[in-house]
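S.K.: Here is my input; please provide its structure:
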Amino acid sequence: MEKNTYLNQGLYTLALRLVVGWTYFSAFWRRLILENKLNPDEAGYIGEKFNHFLPNALGIKPIIEYLVSSPDALWWAMSIFTIVEGIAGLLFIFGLFTRLMSIVVFSLAFGILLASGWLGTTCLDEWQIGVLGVAAGFTVFLSGGGQYSLDAYFIKKKLFTGSKWFKLLGSGMLPLEGKGLRMTVLTGSILILGLTLFTNQYFHGGVYGKLHNLSVRPHVDISNTYIKGNTLSFTVFRDEGADVYGSFLIGIKLADKEGNIVFGQKQEHLSKLTTGHIKNAYVAKVKPGKHSLILPLGAKATIQFIDEKFSFLQGSYTLELVDISGITWKESVEVN
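M.R.: Numbering: from 1, shown residues only. This next block holds a predicted model:
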């Protein structure tokens, strides 16, 4: 009876195990087999994509900021993460140490949810991936591998599967029954529902109030702005907008209180800026493009211009950045 119950409950979650397993293994497959996305010197480097998570991550922003500020540590983290995804996904598909792999899947999905649950231009993509991965990991942990799994094969052959630890990390009936089992399922499900509603509201206002999607329109935060001597310096941080599309600055203006422009840079000037003008903080870099200055999502850089006319300025000024979409961002500058 116990064996049949185990086989059935694992059988019912087979499709979930196969599909979720592939979603994690495919990350490894795409990054290392189909293309090399672990090369920091090539376009599509996974570290830059990880940098996109930074602006509005929940709870783990300091960890992400440390990694994207430390290229070597970031490479190791992305490599280890990719290998773990590959191993966990493959073992999940084949149903070997199914419950242990479900814990790994749960943890990976939880990390994705906190880091990138705010991203998704149309369907809240990353949030959905995160919460569904968490729910899938919990569900398969309860069911185990079932009939179509390597766990079941080893149980049938009576190889290292008789101990209590295997039931917790592999498959088989959990050491819970009756009320204890029901309360475990109910409590876990309610907690996961609570996590789903909380993150949906936190990232998107999806439970009550006004809906918002930080991935739709680009936004650039301007800080540390000053004029000293012959130097204008300011820091830009692209903290909103689509992760697959940059913000393209086509103009920088410095105007006095009457609106007179005392300094300006048009798109032909911005496209020719050098590393002497731009000091990047993270692996996602602000850089000149063919027709503009490109600000990828999550990029942060200090930009400086040197001109003798700055030496003669006094009073209040407004720094304005102009995006190719027509959006502008402004910051006040006081010169003493």
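
S.K.: contacting residues for Phe248?
M.R.: If a contact means Cβ atoms under 8 Å, 6 or more residues apart in numbering, then Phe248 has 289, 291-295, 323-324 as its contacts. C-betas here are computed from N, CA, C, even on glycine.

S.K.: Need the pLDDT of it.
M.R.: Note on Phe248: pLDDT of 95.

S.K.: what helix or strand is it on?
M.R.: strand 247-256 (DSSP states H and E).

S.K.: The protein: helices as residue ranges?
M.R.: Ranges of helices in the chain, per DSSP state H, are 2-12, 14-28, 46-51, 61-69, 71-94, 98-116, 125-143, 150-157, 164-169, 178-204, 267-270.

S.K.: on contacts alone, who are the packing partners of the shortest one?
M.R.: Applying 3 or more Cβ pairs under 8 Å, 6 or more residues apart in numbering; DSSP states H and E, we find helix 267-270 packed against strand 247-256.

S.K.: buried set for stretch 176-193?
M.R.: Residues of stretch 176-193 classed as buried: Ile192 (neighbour count, 16 or more other Cβ atoms under 10 Å).

S.K.: again with stretch 258-278
M.R.: 263, 265, 267, 270-271, 273, 277-278.

S.K.: hang on, the earlier thing: out of the helices of the chain, which gets the lowest mean score?
M.R.: When these are compared on mean pLDDT, helix 2-12 scores lowest, with a mean of 73.

S.K.: Distance of Ala301 relative to Met78?
M.R.: Per Cβ to Cβ, to the nearest Å, Ala301 is found 22 Å from Met78.

S.K.: what sits up against stretch 208-224?
M.R.: Against stretch 208-224 from outside (Cβ under 8 Å, 6+ apart): 55-56, 118-121, 124, 201, 203-205, 233-243, 246-247, 295, 302, 319, 321, 323, 325, 327, 329-331.

S.K.: taking these one by one, which sit in strands?
M.R.: Counted as lying in strands by DSSP state E, out of these, are 233-240, 247, 295, 302, 319, 321, 323, 329-331.

S.K.: Would you mind writing the PyMOL command to select the buried ones in those residues?
M.R.: Command for PyMOL, covering only those of these found buried under the criterion 16+ other Cβ under 10 Å:
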select buried, resi 233+234+235+236+237+238+239+240+247+295+302+319+321+323+329+331
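
S.K.: and of the helices of the chain, who's closest to Gly315?
M.R.: Closest to Gly315 of those is helix 267-270 (Cβ to Cβ; 24.9 Å).

S.K.: Just the pLDDT for Leu124.
M.R.: For Leu124, pLDDT reads 88.
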